[in-house]
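K.L.:
got a sequence here, can you build the structure:
(2 chains, ligands or ions: 2)
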Amino acid sequence: MPEKVYVGPYRPQLVEPERFELLVEGNRIIDAKIELGYMHRGIEKLFTTKTYMQSLALAERICGICSGIHTLCYAQTVEKLMNIEVPERAKYLRCVYMELERLHSHYLWFGILAHSLDEHKAFLKIMVERERVQDLLEYLTGNRMNYLINTIGGVRRDITPEKAEKIHRFLNESKSLSDYIMELLNDNGDFTRKTKGVGVLPREKALEVGAVGPTLRGSGVASDIRKDDPYAAYDELDFEVIVENDGDVRAKALVRAGETYESMKIIEQALDNLPSGEIVSERKEPKIGEEFGRTEAPRGELVYYIRSNGTNIPERVKVRTPSFANNFAILEMLRGETLENVRVIIESIDPCFACTDRVTVVDAKTGERNCMCLK
Amino acid sequence: MGKISVYRFLSAGCNGCDVQVLECLVPRYKLAELNVEVVSNPEEANVLVLTGGVNIKGREELIKVYEKINPPKIVIAVGNCALTKEIFDKGYPMVGPPDQIVPVNFYVPGCPPRPQAIVKAVTQILGAKLEEKEDYWVTPEGFRGKHEFDRDKCIGCGACAQVCSSDAIDIIDEGEKRVVRINYGRCSFCAFCQDECPTQAIRLTREYHLLTNNRGTTYVTNDVNLLECASCGTFFFPQPQIDWALKRIIEEKVPKYLEFKDEILDAMKLCLKCRREIMNVKKAKKTLAELSAKARGS
Ligand code: SF4
Ligand code: SF4
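P.N.:
Numbering: from 1, shown residues only, chains lettered A, B, ... in the order given. Ligands and ions are numbered 1, 2, ... in the order given. Alright, predicted model coming up:
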């Protein structure tokens, strides 16, 4: 007799807060449904009440973890509307800041992965080392999160040689953290055992549900907006798109681990080849019309659509965040899995942060609910 | 108080705060030494840490969680969303801030507050001592923290309120005073006010320990004198802004207007309503001449 199991409701993002309804038989999941809206804040509506500049602060609060990439994607779309040419130096600086963000976001994900695998030693080690990225971002931008470093027309703070020196020093330290993570994934220990073959998302399914980012790349598809539709200075920097073919949780982890090295490579190159000049261009009036913009957020492709009526307040802003796209991949990955793996599968797409998530098991006969905590 | 077991609850925030709360667990902040742990079940907790401004779907959940927390049931609202809903205030699904739904004992303003601020807040609440020796207790140069006014520089123009991303700045005219009031409990620390202020009168300082148990205390204010309309006598415009504008017009922009300085000043001394009432130029000229004669005579 199949019974219903609820996971959720809390998923702290823009429109992705979600509740999963799982239909299980014994311990096996036969079907999964999704319900969204628990963290909804009406952001798209709020966009139409703020000026283009004010909305920068709003865009970054869609998600605190990938806040920087939201402002970048938003700013780039507005720059198209305003026909602004961003200074070369700013383009390189944007790459530096955004890759630092990818590092902190990926490391956080590894921390959470370790946590959901009950690997507490690894969790603490990763979180401790990760503080370095946070301290560095705070030093560079003035805030640990929601750093508001991108602005319309460029960036708000420059990187002086002294700051660059600090970043180089940090990169050396962070390599050892990435090495540690790689080791965890490859030493055939608990990490491998608990993630290998779990939550497999086959290539065709990944494409069919429209998965993006590391979730898609872990299923063997080399898709990365930084390469496919380069923005900022990515077309002038040399890096690899990491792809794994297994489609399981471990493959997604390997993709992210590999990407941390690529991020470091990008930052080093960008700092070494930093063009001189201004860091921000002047703002102009927006044209009447609409524009699209997309970037590669730590979790995958992020899309902004903005329609302008020529005033300083946008008429419509639409945001498609990567986790939204990936939620549907979770459903695919959950089918046929066992309940023990629910937590790690949901975590594997890195759906920002799961804070109060829990599974409610509903006994189909008695209707009795039992809570099982995820965190 | 023995063991502190914290349960985290987030509804309708950006989750930046929640990550900061999590970062407090890193050994360098030594919370474990104070017997503080984070639990995953509200029934095991005696302290509730709230982040986010709470939306319609989160309300019921929050009430349920609150009821399960054990005594002494201390509730700490972390971050500005949990204090005022901040930038999401006017979002249609928002029903918070959380203290509208459950009692809240302490607030830790910030967007997000540094983990250091949260750790210190917790130790303060516990009455424990905290040694802030390490480097990371000091904010780096350029940190965007609590605001500070340069009282001599502020001209009361309200440009900061215009550009503020979170409606955190109010311009309040009371009698002969204009109050510029920044609510750092509603602020997103974007520093647009600092960038936009024409006289560099606002500065975001490196101060970040902002714990309070009273939501009415998160303000930084400045006041300037308002000018009386020369014609009808209402207070209508900040005196320092007039001085500043006049100085700019004459000294920086169009020096040849110097000989009309008094006339310009007289025109500026009229409130908008009176200015509108002067329907034609002839009458305006006459009024201006009269006014300046009056001014010189006295
Ligand atoms: S206060 Fe700021 S950091 Fe905290 S949840 Fe709200 S927007 Fe995010
Ligand atoms: S920093 Fe200034 S402009 Fe920005 S939200 Fe705070 S008060 Fe408003």
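K.L.:
host element of B:Y7?
P.N.:
In this structure, B:Y7 sits in strand B:4-10 according to DSSP states H and E.
K.L.:
oh, I was asking about A:S308
P.N.:
strand A:300-309.
K.L.:
extract the CA atoms of the lengthiest strand in chain B and return them as PDB.
P.N.:
Using DSSP state E, we find that the single longest strand of chain B is strand B:219-228. In PDB, the C-alpha atoms belonging to strand B:219-228 read as follows (Å, rounded to 0.1, in the frame of the first residue of the first chain):
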ATOM      1  CA  TYR B 219      17.800  54.900  14.400                       C
ATOM      2  CA  VAL B 220      20.500  57.400  13.500                       C
ATOM      3  CA  THR B 221      19.200  60.900  13.200                       C
ATOM      4  CA  ASN B 222      20.200  64.400  12.300                       C
ATOM      5  CA  ASP B 223      18.200  67.600  12.200                       C
ATOM      6  CA  VAL B 224      18.600  70.900  10.400                       C
ATOM      7  CA  ASN B 225      16.800  74.200  10.700                       C
ATOM      8  CA  LEU B 226      14.000  74.900   8.300                       C
ATOM      9  CA  LEU B 227      13.600  78.300   6.700                       C
ATOM     10  CA  GLU B 228      10.500  80.400   7.100                       C
END
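K.L.:
what's the following helix or strand past it in contact with?
P.N.:
Sequence-wise, the next helix or strand downstream of strand B:219-228 (DSSP H and E) is strand B:235-238. Strand B:235-238 is contacted by residues B:155-157, B:173, B:175-176, B:178, B:224-229, B:268, B:271-272 when judged by C-beta atoms under 8 Å, 6 or more residues apart in numbering or on different chains. (Each C-beta comes from the backbone N, C-alpha and C, glycine too.)
K.L.:
out of the residues you listed, who's near ligand 1?
P.N.:
Residues of those in contact with ligand 1 (C-beta under 6 Å from any ligand atom): none.
K.L.:
out of those, which is nearest to ligand 1?
P.N.:
Distance to ligand 1, by C-beta to the nearest ligand atom, is smallest for B:C157 among these, at 27.6 Å.
K.L.:
the closest one belongs to a helix?
P.N.:
No: read with DSSP: H, G, I helix; E, B strand; the rest coil, B:C157 is coil and lies in no helix.
K.L.:
for B:R178, see how far away it is.
P.N.:
The gap separating B:C157 from B:R178 is 10 Å, by C-beta to C-beta, to the nearest Å.
K.L.:
one more: A:Q134?
P.N.:
40 Å.
K.L.:
the two: which is more packed in?
P.N.:
Taking other C-beta atoms under 10 Å in any protein chain shown, A:Q134 and B:R178 do not tie; B:R178 has more neighbours (27 against 23).
K.L.:
how many neighbours does the spatially closest residue to that one that is not a sequence neighbour have?
P.N.:
Residue nearest to B:R178 in three dimensions, not counting chain neighbours: B:G156, with 4.6 Å by C-beta to C-beta, 6 or more residues apart in numbering or on different chains. Using other C-beta under 10 Å, B:G156 is surrounded by 23 other residues.
K.L.:
spit out the contact partners of B:G156.
P.N.:
Neighbouring residues of B:G156 by C-beta under 8 Å, 6+ apart: B:I171, B:R178, B:V180, B:N222, B:D223, B:V224, B:L226, B:P238, B:P240, B:Q241.
K.L.:
just A:G258 next, same as before
P.N.:
Taking C-beta under 8 Å, 6+ apart, one finds A:E240, A:I242 in contact with A:G258.
K.L.:
which pLDDT value goes with it?
P.N.:
Note on A:G258: pLDDT of 96.
K.L.:
quick one: secondary structure of it?
P.N.:
Using three-state DSSP, the structure places A:G258 in helix.
K.L.:
just give the nearest non-adjacent residue to residue 177, would you?
P.N.:
No chain in the question, so chain A it is. Using C-beta to C-beta, 6+ apart, the closest residue to A:L177 is A:E129 (4.3 Å).
K.L.:
not quite, go with chain B.
P.N.:
Nearest to B:K177 is B:D223, by C-beta to C-beta, 6+ apart, at 4.8 Å.
K.L.:
okay, now that neighbour: neighbour count?
P.N.:
Quick note: B:D223 (other C-beta under 10 Å) scores 18 neighbours.
K.L.:
and it, what pLDDT?
P.N.:
As summarised for this prediction, B:D223 has a pLDDT of 93.
K.L.:
next: A:G26.
P.N.:
What the model reports for A:G26 is a pLDDT of 75.
K.L.:
ranges for the helices of the stretch 151-300 of chain A?
P.N.:
In the stretch 151-300 of chain A, the helices defined using DSSP state H, counting those that start in this stretch lie at A:161-186, A:190-195, A:203-209, A:213-217, A:225-228, A:249-272.
K.L.:
span of stretch A:265-282 from start to end?
P.N.:
31 Å (C-alpha to C-alpha, to the nearest Å).
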